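# Prediction below, plus the sequence it came from.
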Amino acid sequence: MAGSGLPSLGRVKLADLVPSEGLPSDSYKLSVSTLSQSLAQYSAAIIQFSVSDGALLRSGLDSARLYFHQRASYPAPDIVHSNDPREWCKTSGYNADPQLWLETYDYRPGITPLEPNNMMEFPPAGLPDIFSVLGKAARDVLDAISFYLNLRSSPFTEILDNVPLRNREISSSVLSVCCHAKPSFQGAQHHNFATQEDGQLVMFPDHEHQVDKTLISVVKSDKPGLHIKDFQGRWVLVDEDLGPQEAIVYPGLALYQATAGYVNPALQRTEITNIQNNLFGRCSLAFKLMPKSTTILSCSEMIAAGHGVEPQFQLRVPVDDFMQRSHPIDQLFNRQTVQSFNFHATPDGSMKPMMRRRKNDSKSKPLPPSKRLRLEAQRVLKERVQDIADKKGIKLRFCPLKDCESHIQTLDSPCANIRMEIGWPHGVPFVHPHDLPNKAKIGFLEAYEPGWSATNDMELGLTESGQASQSALG
C-alpha cells in the first residue's frame, strides 16, 4: 500500500457515497476506494457536505459557542457526571467534566432533558436538523464500508435504530455538542493533565488512546485539535485543513467488533492551543452512530461474505454488555497489522477488495460448540463471578468435580456459603467453569447472563455420556 497510498487524509463528497440502484457508478467506486484507503492509513477520512448542510453545521457551532458561554463558570455538583457505563444509551442534556475542561450537551431523540430543578432545558439551536444530516452521513459511510467489504446491502440495519424512530423509542445514537477548555474552566484542574510549551497549552498527555465505542463517528469542529493515530503509529492532526463544508469521519469499536477486526477503530486525542486568548474554547458537533442496546454484535455477515474470522470474534456479543465492558487498547489489535484497502477491477467492471490474508487461516474455522462454551464460561467467570467475589472480599476456592456432586445436595457443605454469597446456580457443582460438563456450563452462563442461550444459538451435538467420559478423563 505504500506505493499507492494517500499522501494525506482522503476527501470524499458525501453525494458520491450515496448508493443507487443498479451497477455502481465510477464516482461511487472511486469514492469508496478513497474512503477505504484513508481509513486504512489514517483511521479517518474527510467528508464534504452540500453547501446548505455545511451552513447548517456552521450555524450549529455558532449556537454551541453562545450556549456554553452563557453557562455558569463552574458546574454544580449535580450536573458533573461520572460517565457510568450503564447509562451509555441514556445520556441527555448538559453535563460537565471539570477534570478534562469538557462540557457537553447530548441530544438524544426520544428524551426531553430537564435541568436539576426540573425546569425544561433550552438546548443549542438546530440540533434535530443537525442530528438528521450527520446521521444520514454516518449511515452512508457505513454502507460504503460494507460495499468495500463485499457485504450485502445495508448489512447493519438490524442493529441500528429505526428511521424514523417508532412510538416511544429512544435513540441509541447521540449528537454530542462539546466545548473543550472554556476559559472559566481554567485554574486548579489544568496541572493534572496539561503542560505549557512556548506559551501554548497542550492537552492531554495522560489521555492518549481514547476510542469511541461507536460504529461511525462524524465530527465537525470550529478549531483544529483532533489527533488520530495512523497505521504507522504517528499522531496526525486530522482537522487542521478542513473547509467550511467538511467534517471528519472515523470508525469505532463496535464496527471493529462487527467486522471481525477488519476495520480498525480510531485512536484519538484532543489538543487545544492558544486558549488564553480564546473566549469560547473549542466547540464541536460529534454525531455517534450506535447500535441498539437490545441487539447482538455478530460477525455472521463477514462469514457469509467469505472473510476469515478469528476465534475471538466468533462469539455473539450483546451490545449492552459490549458497551459496559472495558476494552484495553493494547489487547484489541496491533496497529501494524492494518488491512490493505486496495481495489482491483473485475471483468464485469465492478470493484472488489484485495484483502491481505490473515495468518493462520486454520484458526478462522468456526469453533466447535464445546470450545465456544468453554471460552464463554471463562469470560463470564472473569467478568461476572470474579467481580462479585472481589466486591464481597471472597476468595474463590473451587471444589473437585466428583466431591462437589455430593456437596450440592446438602446445605452444610464446605462450599455452601460461598455459593450462596456469589449467587452460584442451584444444582451446578462449584468447580471451575472450564471443568463443568457442557449442560452445567449452560446453567452457569444462564445464571449470570440471563438469556444467554437465546442469544447464542448453538447445537451442542454432545451426549451426556460423552460429557461424562470427558469429565472422567479430565
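Cool, the structure landed.
# From now on I want contacts and neighbour counts done on CA atoms only, so please keep to that.
Fine.
# Count the residues that sit near residue 409.
Residues lying near residue 409 (other Cα atoms under 10 Å) number 13.
# just the helices in this structure please.
26-42, 51-69, 127-148, 253-258, 300-304, 319-324, 329-332, 369-380, 386-391, 401-407, 416-422, 438-448, 452-455, 464-473 (DSSP state H).
# Let me have the ones you listed in CSV, adding mean neighbour count and distance to residue 281 as columns.
CSV is the format used below for these (neighbours: other Cα atoms under 10 Å; distance: least, Cα to Cα, whole Å):
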stretch, mean neighbour count, distance to residue 281
helix 26-42, 23, 26
helix 51-69, 18, 8
helix 127-148, 20, 20
helix 253-258, 23, 28
helix 300-304, 18, 42
helix 319-324, 18, 30
helix 329-332, 11, 29
helix 369-380, 18, 43
helix 386-391, 14, 40
helix 401-407, 15, 62
helix 416-422, 15, 48
helix 438-448, 19, 45
helix 452-455, 14, 45
helix 464-473, 12, 63
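# Looking at those, which is nearest to residue 105?
With Cα to Cα as the measure, helix 51-69 is the member of the helices of the chain nearest residue 105 (9.0 Å).
# and stretch 62-76, average pLDDT?
Taken as a whole, stretch 62-76 has a mean pLDDT of 81.
# er, stretch 426-434 actually
Here the average pLDDT along stretch 426-434 is 85.
# tell me how far the ends of that stretch are from each other?
18 Å (Cα to Cα, to the nearest Å).
# what distance separates it from the centre of its chain?
With Cα atoms, centre = their mean, to the nearest Å as the basis, stretch 426-434 stands 33 Å off its chain's centre.
# which parts of that stretch are buried?
Neighbour counts over stretch 426-434 (16 or more other Cα atoms under 10 Å) mark 428, 429, 430, 431, 432, 433, 434 as buried.
# Quick check: the gap between the fourth one and residue 415.
According to Cα to Cα, residue 431 and residue 415 sit 10 Å apart.
# Also residue 98?
47 Å.
# Same check on residue 32?
59 Å.
# Residue nearest the middle of the protein, spatially speaking?
residue 213 (1.7 Å; Cα atoms, centre = their mean).
# from memory that residue sits against residue 256, does it?
No. In this structure, residue 213 is not within contact of residue 256 by Cα atoms under 8 Å, at 9.2 Å.
# For the chain, give me the ranges with low pLDDT.
Low-confidence segments of the chain, defined by pLDDT under 70: 1-4, 73-84, 114-121, 184-209, 272-279, 329-367, 454-474.
# which non-adjacent residue is nearest residue 235?
Nearest non-adjacent residue to residue 235, counting by Cα to Cα, 6 or more residues apart in numbering: residue 229, 4.4 Å away.
# Isn't that neighbour up against residue 264?
No. Residue 229 lies out of contact with residue 264 (Cα under 8 Å); the separation is 11.0 Å.
# Compare neighbour counts for these two and give me the winner.
Set residue 229 next to residue 264 and count neighbours by other Cα under 10 Å: residue 264 wins out with 27 against 22.
# Skip the chain neighbours and tell me the closest residue to that one.
residue 256 is the one closest to residue 264 (Cα to Cα, 6+ apart), at 5.5 Å.
# With residue 220 instead?
residue 247 is the one closest to residue 220 (Cα to Cα, 6+ apart), at 4.8 Å.
# From what I see, that neighbour and residue 217 are in contact.
No. If you go by Cα under 8 Å, residue 247 and residue 217 don't touch, sitting 10.3 Å apart.
# okay, these two: which has more neighbours?
residue 217 (27 against 24).
# and the more buried one, what are its bridge partners?
Counting by DSSP bridges, residue 217 is bridged to residue 250, residue 288.
# for it, what are its contacts?
138, 249, 250, 251, 252, 286, 287, 288, 289 (Cα atoms under 8 Å, 6 or more residues apart in numbering).
# cool, and residue 180?
Residue 180 neighbours (Cα under 8 Å, 6+ apart): 100, 101, 102, 103, 272, 281, 282, 283.
# Likewise for residue 263?
Going by Cα under 8 Å, 6+ apart, the list of residues near residue 263 reads 39, 40, 251, 255, 256, 339.
# do you know how far it is from residue 29?
For residue 263, the distance to residue 29 - Cα to Cα - is 18 Å.
# rewinding a little: in strands, which of the contacts of residue 180 appear?
Among the contacts of residue 180, the ones falling in strands (DSSP state E) are 102, 103, 282, 283.
# Quick check: bridge partners of the closest residue to the last one other than its chain neighbours?
It refers to residue 283. Excluding the flanking residues, the one nearest residue 283 by Cα to Cα, 6+ apart is residue 179, at 4.4 Å. Taking DSSP bridges as the rule, residue 179 bridges to residue 103, residue 283.
# wait, isn't residue 179 in contact with residue 98?
No. Proximity of residue 179 to residue 98 does not meet the contact threshold set by Cα under 8 Å, at 11.4 Å.
# neighbour-wise, which of the two wins?
residue 179 (25 against 19).
# Tell me which residues touch the residue nearest to residue 264, please.
Counting by Cα under 8 Å, 6+ apart, residue 256 has contacts 215, 262, 263, 264, 265.
# Which single one of those residues is nearest to residue 302?
The closest of the contacts of residue 256, once distances to residue 302 are taken by Cα to Cα, is residue 262, at 9.4 Å.
# list residues touching both of residue 229 and residue 264?
Counting by Cα under 8 Å, 6+ apart, the contacts common to residue 229 and residue 264 are residue 43.
# could the contacts of residue 263 go into CSV alongside distance to residue 63?
As requested, the contacts of residue 263 are exported to CSV (distance: Cα to Cα, whole Å):
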residue, distance to residue 63
39, 31
40, 34
251, 27
255, 31
256, 34
339, 40
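# Please verify my assumption that residue 452 contacts residue 445.
Yes. With contact defined as Cα under 8 Å, residue 452 and residue 445 form a contacting pair (6.5 Å).
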